[in-house]
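Engineer: give me a model of this one.
(3 chains)
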Amino acid sequence: MTSKIRDFHLADVGGFCHELARQLFPICRSLTGPGVRETLAHLKVLLPDLTVHEVASGTPAFDWVVPDEWTIRDAYIADESGARIVDFRSHNLHIVGYSEPVDIWVDLEELDKHLYSLPDQPTAIPYVTSYYSRRWGFCLPHEQRVSLKPGKYHVVVDADLKPGVLNYGELIIPGETKEEIFISTYVCHPSMANNELSGPVVATALALWASSLERKKYTYRFVFIPETIGSIVYLSRNISHLKSHVIAGFNISCIGDDRAYSYLPSRNGNTLSDKAALHVLKHISPDFARYTWLDRGSDERQYCAPGVDLPMATITRSKYGAYPEYHTSLDDLTLVTPTGLAGGFEALKKAIEAVEHNARFKVAVFGEPQLGRRGLYPTVSARGSADAVRGMMNLISYCDGERSLLEIADIIGVPIWDVVKLAKPLIENGLLVEQR
Amino acid sequence: MTSKIRDFHLADVGGFCHELARQLFPICRSLTGPGVRETLAHLKVLLPDLTVHEVASGTPAFDWVVPDEWTIRDAYIADESGARIVDFRSHNLHIVGYSEPVDIWVDLEELDKHLYSLPDQPTAIPYVTSYYSRRWGFCLPHEQRVSLKPGKYHVVVDADLKPGVLNYGELIIPGETKEEIFISTYVCHPSMANNELSGPVVATALALWASSLERKKYTYRFVFIPETIGSIVYLSRNISHLKSHVIAGFNISCIGDDRAYSYLPSRNGNTLSDKAALHVLKHISPDFARYTWLDRGSDERQYCAPGVDLPMATITRSKYGAYPEYHTSLDDLTLVTPTGLAGGFEALKKAIEAVEHNARFKVAVFGEPQLGRRGLYPTVSARGSADAVRGMMNLISYCDGERSLLEIADIIGVPIWDVVKLAKPLIENGLLVEQR
Amino acid sequence: MTSKIRDFHLADVGGFCHELARQLFPICRSLTGPGVRETLAHLKVLLPDLTVHEVASGTPAFDWVVPDEWTIRDAYIADESGARIVDFRSHNLHIVGYSEPVDIWVDLEELDKHLYSLPDQPTAIPYVTSYYSRRWGFCLPHEQRVSLKPGKYHVVVDADLKPGVLNYGELIIPGETKEEIFISTYVCHPSMANNELSGPVVATALALWASSLERKKYTYRFVFIPETIGSIVYLSRNISHLKSHVIAGFNISCIGDDRAYSYLPSRNGNTLSDKAALHVLKHISPDFARYTWLDRGSDERQYCAPGVDLPMATITRSKYGAYPEYHTSLDDLTLVTPTGLAGGFEALKKAIEAVEHNARFKVAVFGEPQLGRRGLYPTVSARGSADAVRGMMNLISYCDGERSLLEIADIIGVPIWDVVKLAKPLIENGLLVEQR
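Structural biologist: As a prediction, this is how the structure comes out:
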């Protein structure tokens, strides 16, 4: 990768993310192997403090074992003339992930047992893997598959499948407290845009934004991992720390298209992350899609598993499994757009800010404070004169030391980012006192 | 009674129940007396372990006293020619229950004060009783009543109303634990089919089914009692035991017609029995009728009274009071059908099974278990490949040791009988561990 | 004031209240000053035990300080000919409340900076005050304002604004216990009928009614205060007592027109007062308007402030701010009617009675009591015979010592005033026992 890395600016976060996704798109990532390492190395240029970890094949992790490392160099199906009719070099979705090496001639009938296609999306190459059972296979457009003629085919998979390592990236950005906001995303899918690259590029943008904050109450933890086995490995090494430090978190996936905002809850559905996600989406996109835990499908499966139960929720744009291009070659950089990525970034940033600014305040006096003498209330009382300060008065009336700002924001129907602005002069005047 | 008792087979539980109801139909039951004893003797042929108890008249029971025993031998109204125009021998609903003996001549005006009929159901004989205030009376179709001509009538009630006993039947079927499932039904109404016989015949079938189970976690208690005074007497003798042992129960009444399924809650509405009943009805008859405690009318009035509060709910077909034939001669064996009885039996059996199989399980590992290596999960991951195991994965994801299978079944939208099947291989693989 | 004070009779509470409002209407009340004292003196004729308190200007009260006392004697704008074109003597809304004294000639441009009018209600005089910032001003119909011609105007405000006292009235009516029902209303607005006089006149009627009760469980506390500063002063002197004694209360405001019934909750929304108010309104006016805490605007702002949190709710007719005449000269004694006042009185009286009669009872026996032998239940059991006693049976079935009568009334769908009637014979028969 020699592409120039763009500078990060909040004003064009969508352009930044889309360009970064464009650079990472061609890399053939999988659970393990050089594609993951190349991706993490690329991100480390932007995030110099990113630590790349490796865990040896065979290492146990809860109910799992780290699998062998897969290195794919080339793969094709050639016809009798030697012409490559299916070629990994033209699209890395053509090879079934973790295919074992092979170099044989087969007839069409035998070949067909190793082919994967989508009859209802005949031009799309599907995404198929076989991580834990050895086989080889090719994915191709259904219209091509049905046009294959009887005959002999030369099948070559030039790959290694042998003990190595599983890699993941980890970045800790210290805040004022040891309590953490935990962001996880995955780097294990080959060339797909929404259901892969939107996650790490938006996570990278969030990490750059978090690093740039002058003050932040919480420590930020970002991980870039292979899905499922990666989160299981990560949990197996960090569960005790995570359970005692993470106060909120988001698993980032499918955050880059323009068609929808979606919410998928934590398993118990009522964590701070859930509240923040729901609050933000309600205000930025009131018709957002609400999924349930039964619609889960990414690493929330591990982070919210019984006994793990980290307080993590999910904000996506079009959710995995809920858009037609999902897990096919159609999930590309036309589907994922700068505005889609910018919207996803903004939703997550606002949800994180909601967590940052959420606190319990108590009004310092009994009864309403006299705001007029502090210049915060109109001195003439006529009909409607209090309308302008209604939000502030509502905020004060609920600051009872029990309700948090996020709860109050929901009650009074004001976005928390505006509630924070309303609270500022009141805090400065000593009228609202934070409760610890 | 000399009718041949049929063998009980689950495959024709409807036929069994209907035939048993046919045999019991002619008996003139009341709160007390030979009709109750004859009915219990008939059931004891099928349920040899049934114990028939007797409690002397005058015995106090909470706020009540066991009444005198009533024996009815004959009763009629004859005209001046001696012709019986209303005759107990033709239908035992003709006599008001607990009528005192009488042998007098009265004119029509006087007679009419002792007649009961239903103007809006002119062909039906109503069901009327006067257990706790001495009187005599006859019930007849309204169309006959209005056709009676002035003149003298000979009224004869050949009955005894004197100290005796109240009888009830009790059957205990031991299970693996001392905790009990309690089934109560009543045997105190004369010839009516839904609001009487459907209860004891379905309870008998449930007792035969429960006896036939190879394993059952709970002990089963069945009682066949006169309504109200019977349940009060039974509670007064057993309340301490029942309150400490019964974990779920059902009062069975009106369980034999084909028109509806209905649910009536316990007083507090949230017992295990309520949850099981709602779960089962939701799956077998989604449009079932939901009543409230304000619609109560059978022995749940006693079992769920303040301070008693046994965890009992009610599943009925067409509920007492909610169908036009209720408490009339129209409630007969054409209204109650084999399919109606079979459906009622099945609903109660499934509700009992829901209680039997309800348990809390905890997944034995952190994160999702790796099911692929146990042959429980597809080894190729393509779009949609996990759909087939979605129910199992949902089950696992909620087995946190806190939610019971019944709660999980409701959350994941799968009937508990299917959840039990999904859980079986997971329990056998040691992945789900029952919590005590 | 020499008007004859009418006798109070429940049968014509509307007429009593309207006449009292008529007598009090001309008085120019404000936060402080002779208008408040004259009003309280008038009420004291009806309520001899009313204590009139005074609190010196400059006295601190929580975050506030008692302001100077304002005495207004005369105020007008005269044209060059000396004709009074805006005259306090014709309507006391013409002067901005707490206007400072002035005697100057100004041109129209300067004058206009001190004028207040309502373009969308061109015939109405608005109600404007400036309690805590010294200024002077006049209110007038918008149609008059726009007709003013350029020229010189003579502005005179003959007023004092100097240290004095703030007054309020307080009346304690002892009951059987020290626990209190707290009624607050305000006496600080000049000639307006719904948003001022309806409150003190209905409160007076309630005090007369409460005084006349033979038995009352609770002590009644009535206060007649200036809004906001008055309730803050009152709280600052009594908060400890109020928090430990008040079990329910109502702030009375806007209780006199005929167009609506409205409910505004306490801050937390679930106090006994809220339950009583909702219960009563549901039965007397099912389509009543339900407001939220966000719609607050009267002294509930102080009584339910964080840390104060008295259990007080609000029943109004057309709520302050929610009717077009609010805070204008159109809010007069044609808007407020005898039937409107009587309805408001009745709603509050019923809510207070709901609190008085709310108690927890426990049925004295297990199972249903045998009501027949006590003459409380029909002795003949035929279809529908229990309908007449259904309410009583429902009441008994919920008297578990945990649910209060008010909760039971809501569950069984019967107004509490009927529940109290149902309970009476059961209490007398020893079947229901009050729980302490």
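
Engineer: from A:Ala276, how far out is A:Gly175?
Structural biologist: From A:Gly175 across to A:Ala276, the span is 16 Å (Cβ to Cβ, to the nearest Å). Backbone N, C-alpha and C define where each C-beta goes, glycine included.

Engineer: now swap in A:Gly321 and tell me
Structural biologist: A:Gly321 is 24 Å from A:Ala276, by Cβ to Cβ.

Engineer: give me the more crowded residue out of these two.
Structural biologist: Neighbours of A:Gly321 and A:Ala276, each counted by other Cβ atoms under 10 Å in any protein chain shown, are more numerous for A:Ala276; the result is 27 against 18.

Engineer: mind checking which helix or strand the more buried one is in?
Structural biologist: Counting by DSSP states H and E, the element that carries A:Ala276 is helix A:272-284.

Engineer: so how far is B:Gly175 from A:Thr71?
Structural biologist: 60 Å.

Engineer: just to revisit the earlier point, next SSE after the helix holding A:Ala276?
Structural biologist: Counting by DSSP H and E, what follows helix A:272-284 is strand A:289-290.

Engineer: residue closest to the middle of chain A?
Structural biologist: Closest to where the C-alpha atoms of chain A average out (Cα atoms, centre = their mean) is A:Ile252, at 1.3 Å.

Engineer: what helices and strands are in contact with the helix holding A:Ala276?
Structural biologist: Helix A:272-284 sits against strand A:246-252, strand A:262-264, strand A:312-316, helix A:338-357, helix A:405-412, with contacts defined as 3 or more Cβ pairs under 8 Å, 6 or more residues apart in numbering or on different chains; DSSP states H and E.

Engineer: could I get those as JSON lines with distance to C:Ile27?
Structural biologist: Formatted as JSON lines, these follow (distance: least, Cβ to Cβ, whole Å):
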{"stretch": "strand A:246-252", "distance to C:Ile27": "58"}
{"stretch": "strand A:262-264", "distance to C:Ile27": "58"}
{"stretch": "strand A:312-316", "distance to C:Ile27": "60"}
{"stretch": "helix A:338-357", "distance to C:Ile27": "50"}
{"stretch": "helix A:405-412", "distance to C:Ile27": "38"}
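
Engineer: list the contacts for A:Cys399?
Structural biologist: A:Phe361, A:Lys362, A:Val363, A:Ile408, A:Leu432, C:Pro306 (Cβ atoms under 8 Å, 6 or more residues apart in numbering or on different chains).

Engineer: ok, so of those residues, who is nearest C:Tyr218?
Structural biologist: Minimum distance to C:Tyr218 across those is 25.7 Å, recorded for C:Pro306 (Cβ to Cβ).

Engineer: excluding sequence neighbours, find me the nearest residue to the closest one.
Structural biologist: Excluding the flanking residues, the one nearest C:Pro306 by Cβ to Cβ, 6 or more residues apart in numbering or on different chains is A:Asp400, at 3.6 Å.

Engineer: now the one you found: how far from A:Leu431?
Structural biologist: Applying Cβ to Cβ to A:Asp400 and A:Leu431 gives a distance of 13 Å.

Engineer: what touches both of the two?
Structural biologist: Common neighbours of A:Asp400 and A:Leu431 (Cβ under 8 Å, 6+ apart) are A:Val363.

Engineer: flag every residue of the stretch 101-250 of chain A that's near chain B.
Structural biologist: Within the stretch 101-250 of chain A, the positions near chain B by Cβ under 8 Å from any Cβ of the partner chain are A:116, A:118, A:126-133, A:135, A:137, A:228, A:231-232, A:235-236, A:239.

Engineer: reformat the helices and strands packed on helix A:272-284 as CSV; add mean pLDDT and distance to C:Pro369.
Structural biologist: Output for the helices and strands packed on helix A:272-284, formatted as CSV (pLDDT from 0 to 100; distance: least, Cβ to Cβ, whole Å):
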stretch, mean pLDDT, distance to C:Pro369
strand A:246-252, 98, 55
strand A:262-264, 98, 53
strand A:312-316, 98, 53
helix A:338-357, 98, 57
helix A:405-412, 97, 46
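
Engineer: nearest to chain C, out of the ones you listed?
Structural biologist: helix A:405-412 (6.3 Å; Cβ to the nearest Cβ).

Engineer: give the next helix or strand downstream of that closest one.
Structural biologist: Beyond helix A:405-412 on the C-terminal side, the first helix or strand identified by DSSP H and E is helix A:416-428.

Engineer: check which helices and strands that following helix sits against.
Structural biologist: Other helices and strands packing on helix A:416-428, by 3+ Cβ pairs under 8 Å, 6+ apart, are helix A:338-357, helix A:390-398, helix A:405-412, strand A:432-435.

Engineer: for A:Asp12, which of the helices and strands packed on helix A:272-284 is the nearest?
Structural biologist: helix A:338-357 (7.9 Å).

Engineer: adjacent strands (with direction) for the next helix or strand after the closest one?
Structural biologist: Counting by DSSP H and E, the next helix or strand C-terminal to helix A:338-357 is strand A:360-363. The strands beside strand A:360-363 in its sheet (DSSP bridges) come out as strand A:400-404 (antiparallel), strand A:432-435 (antiparallel).

Engineer: what about strand A:360-363, average pLDDT?
Structural biologist: The average pLDDT within strand A:360-363 is 98.

Engineer: no further queries at this time; thank you.
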